[in-house]
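[1] requesting a structural model of the entry that follows:
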Amino acid sequence: MAEQSVVPIDQILPNKLPLVALMGRPIFPGIFTPIMIGNPVDIKVIDQAVSGDALIGLIMLQNETETPSITDLYKVGTAAKIVKKINLPDGGMNIFISTLKRFKVKKTLHPSDPIIAAIEYLEDEEDNTDEVKALTRALVSEMKQISENNPLFSEEMRLNMINIDHPGKIADFIASILNIDKNEQQKILEIINVRKRMEQVLVFIRKEQELLKIQKKIQKEINEKIEKSQRDYFLKEELKAIKNELGMTTDAKSSEYQRFKEKLDAFKFEGEIKETVDQELEKFSLMDPNSAEFIVSRNYLDVISSLPWGDPAPENLELKKAQDILETDHYGLKDVKSRIVEYLAVRKLRRDTKGSIVCLVGPPGVGKTSVGRSIARSLGKAFFRFSVGGMRDEAEIKGHRRTYIGALPGKIIQGLKIVKTKDPVFMIDEIDKMGQSFQGDPASALLEVLDPEQNTNFRDHYLDIPFDVSNVFFIVTANTLDTIPNPLIDRMEIIQLPGYIDTEKLEIAKRYLVPKSLEKNGLKKQKVKYSRESLLYIANGYAREAGVRNLEKNLDKIHRKLAKQIVDAEEQEQVKDKKIQMNFQIDKTLIEEHLGKPIFPEGDVKRADRPGMSVGIAWTSLGGDTLVIEATSVPGKDGLTLTGKMGETMKESAAIAKTLAQKIGTETYGVDPSWFEKNHIHLHIPEGATPKDGPSAGITMATALLSLILNRKVTDHMVMTGELSLTGQVLPIGGLKEKTIAAQRNKAKHIIIPRQNLRDLDEIPDNVKKGLKFHPVDRFEEVLALTLP
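    Down below sits the predicted model:
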C-alpha cells in the first residue's frame, strides 16, 4: 500500500531522466511505495540509476506494448528516487521509491531501450484563498467518512491524511488511494492548479460515497436473506428433534456430527483450540450435506479427531536392550553406536523427551536409514519415515491452507495421524537435497519443526491451531552437510557414519547381506556357500564404494542366476513335484561367470609409477576417494595448463604449488632457472568429467611438480593430503576419517597428514588405521623428505 513519503528533496534534480513506463496507474508526488519491475530494459535502467544518482522518471503508457518507446507515453510523469532495490529469483526486481515532483517531457534524447528525455519540472500553482482552505477541509472530512465505512483504509492511511499540511499534496495522496480509472488519475496528475485539482478529486470522492451507499443497501438485503435461511434451519432442527422422539431415523450428517463431538469432547481442549474446534463443529452442523464446504469441514474435523492429543505414556528405556539391538542390527560403526547409546542415556537421566533431533551424515549405503529404524526399535516406539529429497514446496512440511481445493496437512501432521501416538520416531531422509522455488523454502519451514523452543506450538497451515510436536524423536539423514542451511545444522546433533573397509564389508555380507539375499531369491542357506576369499573378491572387484548397496546388488545378481539354473534344471528333468538337489560353492570362477570381469581388477590401485605423478586422498559426498595427480612438460614458453574440471580453489592451490615447486627446485635442488623458461607444464587430474575442488590437494600437486622437475619417482604406497601455503606451511584439512578409509581401499601403507590433524586420529577406529603409518608434517620440506628422499 502506498504511503506518504517523508524523504526530503535534498539534491538538485537533473534536467534529463531515464524513463520507466508504468503499465498500471500513474504514481503521484510525495508517495513512498514499492514497484515490481519485469521488463529487462527497465531493470537495466534501474541498475544504472542505482549506481548513479538513483533518480528515474515514472510515466504511464498511453498504448500498452511490450517494447514501449517515447511516443507510447503520456507527456506528464513523476520524478522518483530509488530508496531500495531487491532482486527476485525469477529475474525480476522489486524497488522502493520515494516520488519527488511532477515533470513534463520537453525533448526526446533516446526514444527507446532505454527511453531518455529532457524534462521540465512542474511547480504547483498555489492559491492561498479561503476557498482553497475550505476545499482542503472538505476533502479531509469527506475522506474520513469513506475511511470509517471502508475496512480497506488502514489507520496508517488515515493518520497520513491528517498529517499532510499542503493542499496540493492532500489532493495527490487522496487521488492515489481512490479506486478510480487510471486515465482519470493521469488527468489529475496533469492538473497544475491546486484548486482545480482539489475540485476534481472532490468529484471522485462523491462518486465513491454513492458506491458505498449502494454497497450498504446490497449488504442489508443479503443479511435479510441469511436471517430467513437461519429461521428455516432452526425449524428443520426442531422437526429433526420431533422425529428423534418418535423413533424415526435421522440423517447421516447428524450421526457424523455426534461422532465428531464425542471424540473431540473426550480430548478436553482448552483456550484457542477449544474455541476453533467448537466453531468448526457448529459450522458443520449448519451446513447442507450437498455443499462443497461440507466435505472440507468434515475432512478438517476428521483430521483433528484422528490426531493423538493426549499426553504420551512414560518412556521405558533400557540401555542394555538398546545396545543389544544396535549390535544385532549393525556390524562395526562402534563410534556411531556409542554416540547413540550416550544420547539415549542422557535422555533417560533427564526423563525428558523434548529437543531430540539427531542428524546421521554419511555416504549412500552405509546404513543411515536402518540405524534410524534400530533406534525406534530400541526405544519401543512407532516409526514413520518420509523423504524430502527434491522437495520445493513448504506446504509439504507445513500443509496447505484450507482455502485451496484438495488441501492436506503437512507430512508431520499426516505422520502423527498415521502412527496415532504423540511420541514416535520420525525419520526425515535426504535433508541435504531440498530445493527452493516460488512456492517457498521447505528448509526454512523445517526450522520451526526441529527447533525445541518453537515446536511445542507447531502450527500447521491446514490445522491452523497449535500442536505440540516436541515429544517426537526426529532423526534426519544426509549425504553431506554442505547444502544444509547453518541455522538447521545448529538445531541438530550431528553423528557421522563413515564408509566401510573391505574387512567390514566381509562381515556385513556374512551376517546380513547373504542370508537376506538368499531368502529374497528363494534359495536355502545350506545350498549356497561363500568362502571368505570369494566375498572379499566381490567387495574389492565389483563394489569398491563407501557403502554396501552395490555389494548387495551383486549378491542379488548372483542368486538370481543360481535360481534360474535350478528352475531350468527342474524343467529339463520334468520333475515338478520334487526339487533337484543342487549345491553351489561360490568361487572366483563362478563370480566372474555371473558378474563378468571385475570393474576394479586385482592390483588396480592408483600408484605413482613414474616421475611427475603423486597420489592424494580426497573427501567426497560419497565417502573418501584417491586422486592421481599427473604432471608433464613440453618445450615452450613458461606457463601452467590445468585440466580435470578443477574448481577455483583447486586452481589457486595449483598456482601456489607451481610457484613453490619452482622456488624449491632452483634454490634447494639446483635446477637451472632456464628450464622453467623453456618448458610449459601441464597438470591433470584424471576422470575429467568429475568436478573437483578444495585446497587439500596442495601438497600432492607440489610433490607431482617437483617429481617432474627432478625426474624422480615418488615413494611407492605413499598417499597424502594437506593444504599448502605460499611459504611452504602444511595447513589442516577435513574429512580425515573418510580419506583414511579411501587409503585403505587403495592398499596404501603411508599417509602424510598435517600435524594439526593429529587430534582427528583418535576418532578413527583402530581397524581402519591398521596397516597404515601416519606421517604428520608442518612444512613442505618434510613432505619432500618422505616422498622424494
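[2] in the strand ranked longest in the chain, what's buried?
    Longest strand of the chain, by residue count under DSSP state E: strand 93-110. By neighbour count on 16 or more other CB atoms under 10 Å, the buried set for strand 93-110 is M93, I95, I97, S98, T99, L100, K101, R102, F103, K104, V105. Any C-beta I mention is one placed from the backbone N, CA and C, and that applies to glycine too.
[3] dump the residue contacts of I180.
    Each residue near I180 by CB atoms under 8 Å, 6 or more residues apart in numbering is listed here: F204, K207.
[4] low-confidence regions, the chain specifically.
    In the predicted model, the chain carries pLDDT under 70 at residues 1-11, 147-165, 243, 247-253, 352-356, 437-440, 574-581, 602-605, 621-623.
[5] chain center to the helix ranked longest in it, what's the gap?
    Longest helix in the chain by number of residues, with DSSP state H as the criterion: helix 194-245. What separates the centre of helix 194-245 from the centre of its chain is 46 Å, taken as CA atoms, centre = their mean, to the nearest Å.
[6] in the stretch 301-450 of the chain, which spans are helices?
    For the stretch 301-450 of the chain, the helices defined by DSSP state H, counting those that start in this stretch occupy 319-329, 334-350, 368-379, 395-398, 411-419, 442-450.
[7] among these, which is nearest L211?
    Of all the helices of the stretch 301-450 of the chain, it is helix 395-398 that lies closest to L211, at 37.4 Å by CB to CB.
[8] return the set of buried residues in the closest one.
    Of the residues in helix 395-398, those buried (16+ other CB under 10 Å) are A395, E396, I397, K398.
[9] neighbours of I489, how many?
    Residues contacting I489 under the criterion other CB atoms under 10 Å number 14.
[10] and for G639?
    Neighbours of G639 (other CB under 10 Å): 11.
[11] pretty sure D625 contacts I741?
    No. Contact between D625 and I741 fails when scored by CB atoms under 8 Å: they sit 9.8 Å apart.
[12] next structured bit after the longest helix of the chain?
    Going down the chain from helix 194-245, the next helix or strand is helix 252-266, by DSSP states H and E.
[13] just to revisit the earlier point, mind listing what the longest strand of the chain pairs with, with the direction of each?
    strand 31-37 (antiparallel), strand 76-87 (antiparallel), strand 115-121 (antiparallel) (DSSP bridges).
[14] any chance of those in JSON lines with distance to K645 and mean neighbour count as columns?
    Rendered in JSON lines, the data for the strands paired with strand 93-110 read as follows (distance: least, CB to CB, whole Å; neighbours: other CB atoms under 10 Å):
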{"stretch": "strand 31-37", "distance to K645": "37", "mean neighbour count": "17"}
{"stretch": "strand 76-87", "distance to K645": "29", "mean neighbour count": "19"}
{"stretch": "strand 115-121", "distance to K645": "45", "mean neighbour count": "18"}
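[15] looking at the ones you listed, which is closest to F458?
    Closest of those to F458 is strand 76-87, at 29.8 Å (criterion: CB to CB).
[16] how about E652: what's its closest non-neighbour residue?
    Leaving aside its sequence neighbours, E652 sits nearest to P695 (CB to CB, 6 or more residues apart in numbering; 7.7 Å).
[17] sec struct for the one you found, please.
    For P695, the secondary-structure state derived from DSSP: H, G, I helix; E, B strand; the rest coil is coil.
[18] tell me how far stretch 650-660 lies from the chain's centre.
    With CA atoms, centre = their mean as the basis, stretch 650-660 stands 34 Å off its chain's centre.
[19] my bad, should have said stretch 126-133
    Relative to where its chain is centred, stretch 126-133 has its mean C-alpha point 60 Å off (CA atoms, centre = their mean).
[20] and stretch 130-150, by the same measure?
    The answer for stretch 130-150 is 51 Å, by CA atoms, centre = their mean.
[21] for that stretch, buried residues please.
    Those would be L135, T136, L139, E142, M143, I146, S147, for stretch 130-150 by 16+ other CB under 10 Å.
[22] surely Y500 is in contact with V548?
    Yes. Between Y500 and V548 a contact is recorded at 6.4 Å, counting by CB under 8 Å.
[23] returning to what we had before: export the buried residues of helix 395-398 to CSV and tack on distance to K637?
    Below are these laid out as CSV (distance: CB to CB, whole Å):
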residue, distance to K637
A395, 60
E396, 57
I397, 58
K398, 61
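[24] now, among these, which is nearest to V476?
    For those, the nearest to V476 is I397 (12.4 Å; CB to CB).
[25] that older thread, need the winner for burial among the helices of the stretch 301-450 of the chain.
    Most buried of those by mean neighbour count (mean count of other CB atoms under 10 Å) is helix 395-398; its value is a mean of 24.
[26] other SSEs contacting it?
    Contact partners of helix 395-398 among helices and strands, from 3 or more CB pairs under 8 Å, 6 or more residues apart in numbering; DSSP states H and E: helix 411-419, helix 442-450.
[27] of all these, which one is nearest E630?
    helix 442-450 (39.9 Å).
[28] got a list of contacts for the closest one?
    Under the contact criterion CB under 8 Å, 6+ apart, helix 442-450 has outside partners 357, 388, 391-394, 396-398, 410, 412, 428, 431, 434-436, 454-455, 458, 469, 474, 476, 484-485, 487-488, 491-492.
[29] just the buried ones among those, please.
    Buried by 16+ other CB under 10 Å: 357, 388, 391, 393-394, 396-398, 410, 412, 428, 431, 434, 455, 458, 469, 474, 476, 484, 488, 491-492, out of the contacts of helix 442-450.
[30] got the contact list for I146?
    When contacts are taken as CB under 8 Å, 6+ apart, I146 is in contact with F153, I205, E208, Q209, L212.
[31] for it, give its distance to I222.
    Taking CB to CB, to the nearest Å as the measure, I146 falls 21 Å from I222.
[32] buried set for stretch 301-318?
    Going by 16+ other CB under 10 Å, stretch 301-318 has these buried residues: L301, V303, I304, S305, L307, P308, W309, E315, L317.
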